[in-house]
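Novice: Provided below are the primary sequence and the corresponding predicted coordinates.
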Amino acid sequence: MDINLQVSIGNLTLKNPVTVASGTFGYGEEYSEYFDISELGAVTVKSLTLQPRLGNVPPRIVETPAGMLNAIGLQNVGIETYLKSKLPFLREKKCTIIANIYGTSVDEYVKLAELLEKEGGADAIEMNLSCPNVHDAKNKFKCPLIAQSPEWVEKYTLAVRSSVKLPLIVKLSPNITDITEPALSAERGGADAISIINTLLGMAINPETRKPKLKNVVGGLSGPAIRPVALKMVWDVSRTVKIPVIGMGGICTASDALEFLIAGARMVAIGSYLFRDPLAPIRIIQGLREYCLNNGIDDINKLIGSVIIE
Amino acid sequence: MDINLQVSIGNLTLKNPVTVASGTFGYGEEYSEYFDISELGAVTVKSLTLQPRLGNVPPRIVETPAGMLNAIGLQNVGIETYLKSKLPFLREKKCTIIANIYGTSVDEYVKLAELLEKEGGADAIEMNLSCPNVHDAKNKFKCPLIAQSPEWVEKYTLAVRSSVKLPLIVKLSPNITDITEPALSAERGGADAISIINTLLGMAINPETRKPKLKNVVGGLSGPAIRPVALKMVWDVSRTVKIPVIGMGGICTASDALEFLIAGARMVAIGSYLFRDPLAPIRIIQGLREYCLNNGIDDINKLIGSVIIE
Amino acid sequence: MDKLHECLITLHNLVAPNHYRMVLQSKEIATQSLPGQFVMLEVSPGYYPFLRRPMSIERIFSDGVSILYKVCGEGTKILSTLSTGEKINVQGPLGNSFPIPKEYSHYLIVAGGIGVAPFPALVEGILKVRGIAPEIILAGKDFHHLLCEKDFRQMGCKIHLVTEDGSAGHKGLATDILETLDLPDSTIVYTCGPLPMIKNVHKICEQKKWLCYASLEAEMACGEGVCLGCVIPAKMEIENEMMARVCREGPVFDTQVILWDKIGEK
Amino acid sequence: MDKLHECLITLHNLVAPNHYRMVLQSKEIATQSLPGQFVMLEVSPGYYPFLRRPMSIERIFSDGVSILYKVCGEGTKILSTLSTGEKINVQGPLGNSFPIPKEYSHYLIVAGGIGVAPFPALVEGILKVRGIAPEIILAGKDFHHLLCEKDFRQMGCKIHLVTEDGSAGHKGLATDILETLDLPDSTIVYTCGPLPMIKNVHKICEQKKWLCYASLEAEMACGEGVCLGCVIPAKMEIENEMMARVCREGPVFDTQVILWDKIGEK
Ligand SMILES: Cc1cc2nc3c(=O)[nH]c(=O)nc-3n(C[C@H](O)[C@H](O)[C@H](O)COP(=O)(O)OP(=O)(O)OC[C@H]3O[C@@H](n4cnc5c(N)ncnc54)[C@H](O)[C@@H]3O)c2cc1C
Ligand SMILES: Cc1cc2nc3c(=O)[nH]c(=O)nc-3n(C[C@H](O)[C@H](O)[C@H](O)COP(=O)(O)OP(=O)(O)OC[C@H]3O[C@@H](n4cnc5c(N)ncnc54)[C@H](O)[C@@H]3O)c2cc1C
Ligand SMILES: Cc1cc2nc3c(=O)[nH]c(=O)nc-3n(C[C@H](O)[C@H](O)[C@H](O)COP(=O)(O)O)c2cc1C
Ligand SMILES: Cc1cc2nc3c(=O)[nH]c(=O)nc-3n(C[C@H](O)[C@H](O)[C@H](O)COP(=O)(O)O)c2cc1C
Ligand code: FES
Ligand code: FES
């Protein structure tokens, strides 16, 4: 049987519904030593900012039960270096690129998006409105995120939407009472898709030193531990908005990915589990194909949102 | 060295800061076959309602990475049977009792609290404003919780506060943008303590049947998986309110309990991990004592909130 | 009474493809156990898996018990990698047990697949209490899945073999045989296996007016009655409830108390 | 080039209290490895622990490598329970390696505790490239913690033993000896061990104008440069960054590039 794994986000068609989560794949070089990264539906790159960022002071990561906390703080090479020295590699490999961007103002998001569009730096743009690790921990422990304010989400989305034609994805935070509200805002703002979830705010303390294990005090929780939370939110949002949802949060296996697709995600992203198994995305693409074969499904799109609620 | 493990909640003094989480210890009978339950700082009983409840249709539990989802739906014997046939056992054992109550209106909470006070059914009352499993899944998937509305939290707390003298604890939900808001409301409403966290909303799907693994579709995530999230919220709330915080969420070992105490919790509750090791609370009390001994701490209260933020 | 035991694994064998028998050393568990009870196993230290796994007690020896299990997921897979000589934390014995009323003249067991697990202990129990060897319908997918046949023969049981593919005995289902059996009125039936089989056994027994006890399964977290995760709808009155805990009120139920129409397929 | 290998454990020994040596069979890893590189081990299937564990390559054989490790937490505890004959998933070799520049006349190694792990491979490397056996300051808490002494002697190294409790060699710290050594200007120093020791070795080398390479540790998630979890503040210019990834730009660093005052205690 011929199985169609192609899915689309806005006017972009992807060869399969599997991408990687921003910040867990760098700019593709490292893991291209493990597999042909053009086999991915798309490569999602580490959040880009206008200026290069050093990120937070280490320690930046702590392992937790079935997961990890990170407080990287958006260390990245900056948009210019990305365009100059990271992009050519991805283009040469013929990857579909989702460029994740982070700004500290509407203007910065717009500039980043425009630069990307102008320089052909991306096939889709993902706006990270939900990074929990970029505030000075000493002064702003409360870390209000753009994604926590439906109005701001709409405003930010609208601004970027008006400036570029590239498919636009808005990435939201699970640290919210009702995830469907900012999702609806993003849709109203003209987003082509919603990415959920970014990490859950978390913390760990070393009882011996009585200090937080992360120098940044708080960090973002990811990995299989959060999968049930992510899945619930994907289900909530995909029933609420008409635009596609990109689901992520603890996906390790094809079976996990299937849960998200069945719950309503158009695509899935593999994040922290890459650190454990860099080949996970390839295994998952293969596993999706096998599942379709075994279940007589000729088009993966037929699976999306097919959860049976009795 | 003589070590003081006593802590207090309102005008209630507990022999140590370790209790069990509502819904994971029944009414004390079963695990009293494992240890002397009067050794606990307090026994927190399963949520009580005015009428007995059958709870949700099974399957009600699913294991998840380092945790579990439950959708029990507050099955309980009802306040009358509790008073008649559960309470005597706890009293005979000389347990300090925290009675957790759940109502579908302010009135019900007030009635439950008054009944408990009148009949001597509790040494403290915990208002469960945050159970994610009591709405008909088919009609009300969004499950708005009292704990998600700071105004309602204040109103509910105030009403119960005005009706009874017993120490009053308000149990909040982690499914919220900013946990400090309902915490402040509870404080304003006259609560003597805040319990955090109840479970995180979550979901799991069986890809083979495409059905949710829980008959109730969604459930609450508990266990070590959520510990970093709980710890962060305990830290947030304990810095914000003046009343004590009872910390819970994935506590398994003395080291975990210490993280919560150091973050600011006055007490800790052991929940799902009891299912794995019914003796966990006893091991934790012992471990706290040893930690104090090894670190020259003569009073556990000196440890509370002692996290060092640089 | 301590129910948590660090047990030595004194034997661990592959008994059929994907099926293992494990003998757990513990005098305490052995002396407390009754046929039909189960144990909860901590298959691995750490949090993977997080919960214990319930397993029926297959046989009760003087200084331990055996379990018989099928590898079907992560937990049982890890269990199967443990070696003789290693230790494992065992909680139990838990749950109620098979009643062995004396007023019955005929004892019949209907076992489907791995559902045979609690029956070697029951046969020994019936032999001890009544001196009668039960009759057994032993059903499985194929001849590989007919477990404990030899044990039952040694115990003197009359056995009807049934396989879905006909690779041994009757080709078909356990209930085919059950329906045709011509047994006295004072027959008591014990069953364990896939839920649809149990349900059909129940129906036949109802018609034939045989008392029927089934050992049921349910997702369990605590195994001790506190989480209320393992309930099934039942007519029993337990403190005004109609949700019976498989781990406490069960795992053995008189099939007449089960509210069968309220139990859907999963 | 495949960096993921299912390796047979061909040897697994307790070499000192709480310290183990494990030999991992893999021709691919062996032929690609250089002294100073490390591997990431999947200590257990399932999600406990979730992340791999980094371990220096101790020695490089023709068909495998060895690691030398100390049990200090859950991951290494589980690792220590694995048996010869079992398989383990190994990612590597990873990271950069110790430079062995030819223009130096004297090679000195300062190893503290389990920090000795990468040095047997380095000694063999220096012997191969330069035909010179390095001098070694081998420090530890007590004589139990002086690992690989015999190996180093067999390789012809001159060894200074140092223990904090005086149970072997000089009583005190590795740096006590380093300060008193009268070595030529063209000395190159390699060090690995607790961070305070490395920092002091660096200071002494700066004074004495010896080039110094340290193998550093950091919490690692990916081991491959993508998570940016393992960084240390450094003066190196890596694409305008000053946060060097221990797993990619390291683990071996010229200690002069490290921004020591920006590294606090944990
Ligand atoms: C009282 C009782 C006695 C049992 N006796 C036996 C026995 O003697 N031999 C045997 O092979 N099996 C028995 N089972 C079933 C056995 O517990 C499950 O097969 C086992 O838990 C599956 O674990 P897993 O990790 O391999 O599978 P997974 O599918 O990975 O398990 C995931 C979760 O589902 C639960 N689960 C999966 N299947 C079942 C099931 N059928 N019943 C209950 N929970 C399940 C697991 O406990 C776990 O929480 C019994 C179950 C119960 C309730
Ligand atoms: C490049 C490199 C090479 C290493 N080589 C060796 C070696 O040859 N022999 C050896 O015994 N140890 C070595 N270590 C340290 C070793 O990785 C840790 O001791 C080990 O990960 C601890 O795991 P655990 O689960 O037992 O401890 P836990 O404390 O339970 O681990 C919890 C978390 O902290 C991390 N962690 C704990 N200690 C360290 C540490 N010192 N460095 C980095 N991460 C840590 C773990 O990876 C894990 O994520 C090396 C570390 C690095 C970065
Ligand atoms: C180390 C690390 C770095 C991350 N960096 C980013 C980032 O730069 N931008 C972003 O939008 N999300 C970032 N994330 C979040 C992930 O993209 C993803 O949303 C989250 O980790 C949940 O998926 P997972 O559980 O599969 O890891 C990061 C996550 C991790 C673990
Ligand atoms: C099976 C189960 C039943 C629960 N029932 C209740 C309940 O009745 N009332 C309540 O306030 N919380 C209930 N909870 C939530 C716990 O009290 C606790 O807040 C939560 O599980 C987090 O702690 P843990 O991770 O240690 O389990 C229940 C949790 C579980 C796992
Ligand atoms: S398993 Fe918890 S009540 Fe039965
Ligand atoms: S461990 Fe991920 S970048 Fe070094």
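Specialist: Sure thing, it's come through. Numbering: from 1, shown residues only, chains lettered A, B, ... in the order given. Ligands and ions are numbered 1, 2, ... in the order given.

Novice: any low-confidence regions in the stretch 1-150 of chain C?
Specialist: Scanning the stretch 1-150 of chain C for pLDDT under 70 picks out the ranges C:1.

Novice: can you list the residues of it near ligand 1?
Specialist: C:38, C:49, C:51, C:53-56, C:67-70, C:72-76, C:114, C:117 (CB under 6 Å from any ligand atom). C-beta: built from backbone N, CA, C; applies to glycine.

Novice: generate a PyMOL selection restricted to the buried subset of the residues you listed.
Specialist: Buried members of those can be picked out in PyMOL with the line below, counting by 16 or more other CB atoms under 10 Å in any protein chain shown:
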select buried, chain C and resi 38+49+51+53+54+55+56+67+68+69+70+74+75+76+114+117
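
Novice: taking the residues of the stretch 1-150 of chain C next to ligand 1 one by one, which sit in strands?
Specialist: Per DSSP state E, strands hold the following members of those: C:38, C:53-56, C:67-70.

Novice: of the residues you listed, list those near chain A.
Specialist: Applying CB under 8 Å from any CB of the partner chain to these, one finds that nothing falls near chain A.

Novice: and the pLDDT at residue 259?
Specialist: Chain wasn't specified; assuming chain A. At A:Glu259, the pLDDT value in this model is 98.

Novice: hmm, no, I was thinking of chain C.
Specialist: C:Leu259 carries a pLDDT score of 91 in this model.

Novice: and the spatially closest residue to C:Val252 that is not a sequence neighbour, what are its phi and psi?
Specialist: Leaving out its chain neighbours, the residue that sits closest to C:Val252 by CB to CB, 6 or more residues apart in numbering or on different chains is C:Gly36, at 4.7 Å. Dihedral pair for C:Gly36: phi 100, psi -20, per degrees, to the nearest 10.

Novice: among the residues of the stretch 1-150 of chain C next to ligand 1, which are in reach of chain B?
Specialist: Within the set of these, contact with chain B (CB under 8 Å from any CB) is found for C:49, C:51.

Novice: quickly list what the spatially closest residue to A:Tyr82 that is not a sequence neighbour is bridged to.
Specialist: Excluding its sequence neighbours, the residue lying closest to A:Tyr82 (CB to CB, 6+ apart) is A:Leu48, at 5.4 Å. On the basis of DSSP bridges, A:Leu48 is bridged to A:Ile101.

Novice: OK, contacts around A:Leu48?
Specialist: Residues counted as contacts of A:Leu48 (CB atoms under 8 Å, 6 or more residues apart in numbering or on different chains) are A:76-79, A:82, A:99-102, A:112.

Novice: can you rerun that using 7 Å?
Specialist: A:76, A:78-79, A:82, A:99-101, A:112 (CB atoms under 7 Å, 6 or more residues apart in numbering or on different chains).

Novice: ok, now how distant is it from A:Thr177?
Specialist: Distance, A:Leu48 to A:Thr177, using CB to CB, to the nearest Å: 30 Å.

Novice: run through the residues that contact residue 179.
Specialist: Picking chain A for this. A:Ile179 makes contacts with A:172, A:196, A:233, A:236-237, as judged by CB under 7 Å, 6+ apart.

Novice: the chain in question should be chain C.
Specialist: When contacts are counted by CB under 7 Å, 6+ apart, C:Glu179 touches C:Ile204.

Novice: near ligand 3, which residues of the stretch 1-150 of chain C?
Specialist: Residues of the stretch 1-150 of chain C lying near ligand 3 (CB under 6 Å from any ligand atom): none found.

Novice: mind listing the strands for the stretch 1-150 of chain C?
Specialist: C:4-16, C:19-25, C:38-42, C:53-56, C:59-60, C:64-70, C:87-94, C:106-112, C:135-140 (DSSP state E, counting those that start in this stretch).

Novice: list the contacts of the nearest residue to A:Ser195 once chain neighbours are set aside.
Specialist: Take A:Ser195 and drop its neighbours on the chain: the residue closest to it by CB to CB, 6+ apart is A:Lys171, 3.9 Å away. Counting by CB under 7 Å, 6+ apart, A:Lys171 touches A:126-130, A:195, A:198.

Novice: if you set the cut-off to 6 Å instead, what comes out?
Specialist: By CB atoms under 6 Å, 6 or more residues apart in numbering or on different chains, A:Lys171 lies in contact with A:126, A:128, A:130, A:195, A:198.

Novice: how about A:Tyr109?
Specialist: A:103, A:156, A:160.

Novice: check contacts around the last one.
Specialist: Going by CB under 6 Å, 6+ apart, A:Val160 touches A:109-110, A:113.

Novice: show the pLDDT at the residue nearest to A:Ser195.
Specialist: On the pLDDT scale, A:Lys171 is placed at 98.

Novice: distance check, it against chain B.
Specialist: Per CB to the nearest CB, to the nearest Å, A:Lys171 is found 17 Å from chain B.

Novice: which positions in the stretch 51-200 of chain C make contact with chain B?
Specialist: Within the stretch 51-200 of chain C, the positions near chain B by CB under 6 Å from any CB of the partner chain are C:Leu51.

Novice: all helices for the stretch 51-200 of chain C, in order.
Specialist: C:74-80, C:119-130, C:149-154, C:174-180, C:195-208 (DSSP state H, counting those that start in this stretch).

Novice: same question, chain A
Specialist: For chain A, helices defined by DSSP state H occupy the ranges A:78-81, A:87-92, A:106-118, A:150-163, A:180-188, A:227-240, A:254-263, A:273-276, A:280-294.

Novice: out of the ones you listed, which is closest to ligand 4?
Specialist: The closest of the helices of chain A to ligand 4 is helix A:227-240. By CB to the nearest ligand atom, the value is 12.7 Å.

Novice: residues contacting the residue nearest to C:Val252?
Specialist: By CB under 6 Å, 6+ apart, the neighbours of C:Gly36 are C:97-98, C:118, C:215, C:252.

Novice: go again with 8 Å.
Specialist: C:Gly36 makes contact with C:56-57, C:95-98, C:118, C:121-122, C:215, C:251-252 under the criterion CB under 8 Å, 6+ apart.
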